[in-house]
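K.L.:
Here is a sequence together with a model predicted from it:
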Amino acid sequence: MGSVTTSPTARPWVLHVDLDQFLAAVEVLRHPELAGLPVVVGGRGDPTERAVVSTASYEARAFGVRSGMPLKTAVRKCPDAVFLPVDAPVYEEASARVMETLRAVPGAVVEVLGWDEAFLGVTTADPVACAESIRAAVLEATGLHCSVGIGDTKVRAKIATDFGKPQGVYQLTRDNWFEVMGERPTTALWGVGTRIAARLASHGYRTVQELADADEAVLVAEFGPAMGPHYGRLGRGVSSARVDDTPWVARAHGREMTYQTNLASPQEVADAISALAAQVVEDIRAEGRPCQRVGLKVRFAPFFTTNRIRKLTTPTFDPEVIATTALELFTALEDERPVRLLGVRAEMVPPEGGYADPRSTGRGGPSARGAGTAGATDEVTPER
């Protein structure tokens, strides 16, 4: 691709590559007749069932359909949409081809964030040309379009991508950060949701500029000694620029199910938990590390959700032990309401040597430790 250079004017950059409407785009490649139509991918593709939107095409988004929205709501907003089931193996294969293409960029370090996005650490004199060459390479190799954010930190690169969508490139650095972001609400920041924004607003910090200028003592009092300064740095766009290609090691595996008909009897709940526990054990056996803590997630009808966790006396791969523990957690809730959703989670014994320091955490936003914002300055450059 020839996009990375060793010329004297070259410098390190962080690129954030995000595939446009990924699941819907993959489906359109499989079914070309869907091109230009509103396409919604979610659940089993049946909008009468309990499930949420995984991805909506831009045509569907024009009607107000968004990821995470119940399919029943999506079909009311866009009755003519084509609803398709989630086909994970197909998306995993497409994602693997994209990541292989990114790793072929000369000199690039690739940190995968999920099926449809990754950070790249590159050294180049022309980051825009580099980003455009990457977009072209992904399109040629996979038929999929992507957008690329360019930044001097991970936070700025990640946020820049939204300005480049769809099928574009955008650069966000210390030089234009406040010009672009200053008057935007704090929810425009990666990792700041509506609840955090409300807590910030209670102290008068409603915009990115106001957060950047916030009194750190106030932030520490509200969010603690780690997260308080972290949010202040986010307001300034400051974070690590270290792109880490170390493979991610899972700490836990979980399975959950939303039931089309509420579970009303204790036996139904017990059977459902046993089925989920068996699936989780398959996942942790593949990791080769037994379960040391069992987590339970329950959503009672109509929509009250609670989570519980318990440490086991001895780590195990036994699905019966995991199921029994989860059922005990459920019974201890002493709640007789019908169950809409159940989830079982197995936290595994750490690998030898423990876990690596936290990296950026994908859709949830950057970690306040490690490669997030703790200890970061506005002068950080990528480590190669």
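P.N.:
On my side now, so go ahead.
K.L.:
Quick check: pLDDT value at P247.
P.N.:
Reported pLDDT at P247 in the predicted model: 82.
K.L.:
Could I get the contacting residues of M99?
P.N.:
110, 112, 118 (CB atoms under 8 Å, 6 or more residues apart in numbering). Just so you know, the C-beta spots here come from the backbone N, C-alpha and C atoms, and that holds for glycine as well.
K.L.:
Run through the bridge partners of the first one.
P.N.:
It stands for V110. Beta-bridge pairing of V110 under DSSP bridges involves L120.
K.L.:
which stretches of the chain have low pLDDT?
P.N.:
Along the chain, the parts satisfying pLDDT under 70 run over 1-8, 357-384.
K.L.:
just the strands in it please.
P.N.:
Taking DSSP state E as the criterion, the chain carries its strands at 11-19, 39-41, 55-56, 82-84, 109-114, 117-124, 146-151, 169-172, 252-263, 291-300, 304-316, 339-348.
K.L.:
Rebuild these as CSV, extending it with mean neighbour count and distance to F330.
P.N.:
Converted to CSV, the strands of the chain look like this (neighbours: other CB atoms under 10 Å; distance: least, CB to CB, whole Å):
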stretch, mean neighbour count, distance to F330
strand 11-19, 24, 38
strand 39-41, 28, 31
strand 55-56, 26, 32
strand 82-84, 21, 32
strand 109-114, 19, 30
strand 117-124, 25, 35
strand 146-151, 27, 43
strand 169-172, 23, 46
strand 252-263, 16, 10
strand 291-300, 21, 6
strand 304-316, 13, 8
strand 339-348, 22, 8
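K.L.:
So which of the contacts of M99 is the closest to T124?
P.N.:
The shortest approach to T124 among the contacts of M99 belongs to V110, at 14.9 Å (CB to CB).
K.L.:
Against K158, how distant is the closest one?
P.N.:
Per CB to CB, to the nearest Å, V110 is found 15 Å from K158.
K.L.:
ok, now S147?
P.N.:
Counting by CB to CB, the separation of S147 from K158 is 11 Å.
K.L.:
Likewise for M99?
P.N.:
According to CB to CB, M99 stands 17 Å off from K158.
K.L.:
what sits against the closest residue in space to V169 that isn't next to it in sequence?
P.N.:
Nearest residue to V169, sequence neighbours excluded (CB to CB, 6 or more residues apart in numbering): A131, at 4.4 Å. Listed by CB under 8 Å, 6+ apart, the contact set of A131 reads 15, 148, 150, 169.
K.L.:
just G204 next, same as before
P.N.:
When contacts are counted by CB under 8 Å, 6+ apart, G204 touches E210.
K.L.:
Next, it: phi, psi?
P.N.:
For G204, the backbone dihedrals are phi 90, psi 10 (criterion: degrees, to the nearest 10).
K.L.:
Can you pull the phi/psi pair for W190?
P.N.:
As for W190, its main-chain torsions (degrees, to the nearest 10) stand at phi -70, psi 120.
K.L.:
Could you give the number of residues near it?
P.N.:
W190 has 23 neighbours, counted by other CB atoms under 10 Å.
K.L.:
My read is that it contacts K158, right?
P.N.:
Yes - applying CB atoms under 8 Å as the test, W190 and K158 come out as touching, 5.0 Å apart.
K.L.:
quick one: D318 from I284, how far?
P.N.:
11 Å.
K.L.:
So which of these two has more stuff around it?
P.N.:
Between D318 and I284, counting by other CB under 10 Å, I284 is the more crowded of the two (22 against 15).
K.L.:
who's in contact with the more buried one?
P.N.:
253, 290-291, 317, 346, 348.
K.L.:
D244: which of those residues is nearest?
P.N.:
Distance to D244, by CB to CB, is smallest for M348 among the contacts of I284, at 21.2 Å.
K.L.:
what are the bridge partners for the closest one, then?
P.N.:
Beta bridges link M348 to C291, judged by DSSP bridges.
K.L.:
I'd say it and V249 touch.
P.N.:
No - applying CB under 8 Å as the test, M348 and V249 come out as separate, 9.4 Å apart.
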